[in-house]
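A.B. asks: Everything below, folded, please.
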Amino acid sequence: MLTVSVPSTVANPISSGFNINYTMTGSKAGLASAQVTFYMSTSPTGSTGVYQLASFQITLNPNIHGTFSPPTGTQTRFISASGLPSNTYSLWQSIVAACQPQTWYVLGRVDVNNIVSSSASQMGTTKQPDFFFTAGTLSPASIQPGGTTNISFDVYTQCPASSASTVGLFLADASYNPLAYIGGVSVAAGSGTSSLSPTPITFTSISPGNYTILLVADVDGVVSESNESNNVGAFELTVTTPLKAGVSEEGEAKLNVELPVEIPPGLYDPRMGGAANYIRQTPF
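C.D. replies: Next comes the predicted model:
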């Protein structure tokens, strides 16, 4: 192998694949074929993180002295996700899912001769954060006016947010129309899971009926996300008349719901009036 070159950037190897351009030199006696193998590695020497891309035989050209030589000029091999070894395909999946591009080298060799490396290639893309709720509880899910329920949740983003944000909690009717802002829970910058441990909320002057507690990640819209439509979670809350005993059961979480209405920007303001008409809460 004389030279190996690949694109300097490969945004999504699974969907697009990429070409390896290579040249060969030299000669061999006795056999009119050779084995060409390409690998990916995290180092140009192949000392770390080596994954096979392709291995195939080529036909050599005969010389007048009984030896055989490789094809002349630049050769091209297209590498696609189809037919990759399983561990290499898993690697490509992790590259596509990663939050930042990764540096990889493509290595080539003929038979068991010397290894030749390409220049560094950046594979993958920079991805925005994406908040969504992974768990939550509302217990009990049925109270009387003046009663207290405890709410908790987990909100997750794989790729890091560069700034802190807020999960907004709203009291809404059964059709998800917001009625009042309950409060906000701060989420630090970075990635991973942010959690609210069970926190009591007491509802004072509220009429019996069916309600919803809405959770809206990044309620102030300060973080640009890859998906802005999966930021909402919801719990059903029933307020019963005093003649009917409350049911001590845990509310079912509805994660990443799509609202039939938009939450007006005015509801994002923690100073909004109206919440005091319904709620007495322990500060988050």
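A.B. asks: Which residue ranges of the chain form helices?
C.D. replies: Applying DSSP state H to the chain gives helices spanning 13-16, 86-97.
A.B. asks: Can you tell me which of these is nearest to residue 160?
C.D. replies: Among these, helix 86-97 comes nearest to residue 160, with 14.2 Å by CB to CB. For glycine as for every other residue, the C-beta is placed from the backbone atoms N, C-alpha and C.
A.B. asks: any weak-confidence spans in the protein?
C.D. replies: Judged by pLDDT under 70, the chain has its weakly predicted residues at 243-253, 255-284.
A.B. asks: With distance to residue 50 as added columns, please give the helices of the chain in CSV.
C.D. replies: Listed next are the helices of the chain as CSV, based on distance: least, CB to CB, whole Å:
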stretch, distance to residue 50
helix 13-16, 16
helix 86-97, 10
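A.B. asks: For these, give me a markdown table that also has mean neighbour count and distance to residue 54.
C.D. replies: Listed next are those as a markdown table, based on neighbours: other CB atoms under 10 Å; distance: least, CB to CB, whole Å:
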| stretch | mean neighbour count | distance to residue 54 |
| --- | --- | --- |
| helix 13-16 | 16 | 13 |
| helix 86-97 | 15 | 10 |
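A.B. asks: Which among those is found nearest to residue 44?
C.D. replies: Of all the helices of the chain, it is helix 86-97 that lies closest to residue 44, at 17.4 Å by CB to CB.
A.B. asks: what bridges to residue 33?
C.D. replies: Bridge pairing for residue 33 (DSSP bridges) gives the partners residue 59.
A.B. asks: just checking, it touches residue 62?
C.D. replies: No: using CB atoms under 8 Å as the test, residue 33 is too far from residue 62 to be in contact (11.7 Å).
A.B. asks: Need the overlap of contacts for the two.
C.D. replies: Here residue 33 and residue 62 have no joint contacts, going by CB atoms under 8 Å, 6 or more residues apart in numbering.
A.B. asks: what's near enough to touch the spatially most central residue of the chain?
C.D. replies: Nearest to the mean C-alpha position of the chain, by CA atoms, centre = their mean, lies residue 158 at 5.0 Å. Residues counted as contacts of residue 158 (CB under 8 Å, 6+ apart) are 97, 99, 129, 130, 191.
A.B. asks: now residue 97
C.D. replies: residue 158.
A.B. asks: Show the buried residues in the contacts of residue 158.
C.D. replies: 129, 130 (16 or more other CB atoms under 10 Å).
A.B. asks: Determine the number of other residues adjacent to residue 234.
C.D. replies: Per other CB atoms under 10 Å, the neighbour tally for residue 234 reads 24.
A.B. asks: Relative to residue 75, how far out is the closest residue to it other than its chain neighbours?
C.D. replies: Of all residues not flanking residue 234 in the chain, residue 254 sits nearest, at 4.4 Å (CB to CB, 6 or more residues apart in numbering). Counting by CB to CB, to the nearest Å, the separation of residue 254 from residue 75 is 56 Å.
A.B. asks: Against residue 115, how distant is the residue nearest to residue 113 when sequence neighbours are not counted?
C.D. replies: Once flanking residues are discounted, residue 113 sits nearest to residue 1: 6.9 Å by CB to CB, 6+ apart. According to CB to CB, residue 1 stands 7 Å off from residue 115.
A.B. asks: okay, the two: which has more neighbours?
C.D. replies: A count of neighbours by other CB under 10 Å puts residue 1 above the other of residue 1 and residue 115, at 22 against 18.
A.B. asks: mind listing what that one touches?
C.D. replies: 22, 23, 24, 36, 108, 109, 110, 113, 114, 115, 116.
A.B. asks: Which one of these sits in the busiest neighbourhood?
C.D. replies: residue 108 (26 neighbours).
A.B. asks: so what's the nearest residue to residue 41 once chain neighbours are set aside up against?
C.D. replies: Distances taken as CB to CB, 6+ apart place residue 50 nearest to residue 41, at 4.7 Å, with adjacent residues excluded. Residue 50 makes contacts with 39, 40, 41, 107, as judged by CB under 8 Å, 6+ apart.
A.B. asks: Residue 197: neighbour count?
C.D. replies: Using other CB under 10 Å, the number of residues around residue 197 comes to 8.
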